[in-house]
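1. Mind looking at a prediction? Sequence and model below.
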Amino acid sequence: MLKMESTLKNKTMSIDKILFNAPGKITIKLIDGRLFITPLKYFPELKKLTIDKRRKYTIVDDRTVLFSFANSIYHLEDFIGMESKWQQR
């Protein structure tokens, strides 16, 4: 995992790391310790990847995630059910 320097003004929610330790789930751990656990069924591109490929990601600006083996760009809001809100931050 690679973490890039943040340029966000609002850092109230920042991703610390991403875990795939529960079958069929993605866990987003925030820097304040909170965990968001979401079923992978909502992320079919990630679900198709092996666990080793899922673990190759980069966190950009504390709230955006790029996976090395996926074409989609994911935002923290995607994982917590607020996907329409990421552009408002």
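-> Thanks, I have the structure now. Model, not experiment: these values are computed from the prediction.

2. quick one, what contacts the residue sitting nearest the centre point of the chain?
-> The centroid of the chain falls nearest to V65 when counting by Cα atoms, centre = their mean (4.9 Å). Applying Cβ atoms under 8 Å, 6 or more residues apart in numbering, one finds that V65 lies in contact with 15, 18, 57-59, 73-76. Placement of C-beta: from N, CA and C, glycine included.

3. In the sheet, which residues pair with it? Tell me.
-> I59, Y74 (DSSP bridges).

4. and the gap between it and I73?
-> 8 Å (Cβ to Cβ, to the nearest Å).

5. where do the contact lists of those two overlap?
-> With Cβ under 8 Å, 6+ apart as the test, V65 and I73 reach no residue in common.

6. Nearest residue to K47 in space, please, no chain neighbours.
-> Of all residues not flanking K47 in the chain, L40 sits nearest, at 4.2 Å (Cβ to Cβ, 6 or more residues apart in numbering).

7. wouldn't that neighbour be in contact with L46 here?
-> Yes: proximity of L40 to L46 meets the contact threshold set by Cβ atoms under 8 Å, at 5.9 Å.

8. what do the two both touch?
-> In contact with both L40 and L46: I26, using Cβ under 8 Å, 6+ apart.

9. picking up where we left off before, can you lay out the contacts of V65 as a markdown table showing pLDDT, neighbour count and distance to R34?
-> Compiled in a markdown table, the contacts of V65 are given as follows (pLDDT from 0 to 100; neighbours: other Cβ atoms under 10 Å; distance: Cβ to Cβ, whole Å):
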| residue | pLDDT | neighbour count | distance to R34 |
| --- | --- | --- | --- |
| I15 | 95 | 23 | 10 |
| I18 | 97 | 19 | 13 |
| Y57 | 97 | 21 | 19 |
| T58 | 97 | 13 | 21 |
| I59 | 96 | 20 | 15 |
| I73 | 94 | 12 | 22 |
| Y74 | 94 | 23 | 17 |
| H75 | 92 | 19 | 16 |
| L76 | 92 | 23 | 11 |
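
10. Which of these sits closest to K25?
-> I18 (11.0 Å; Cβ to Cβ).
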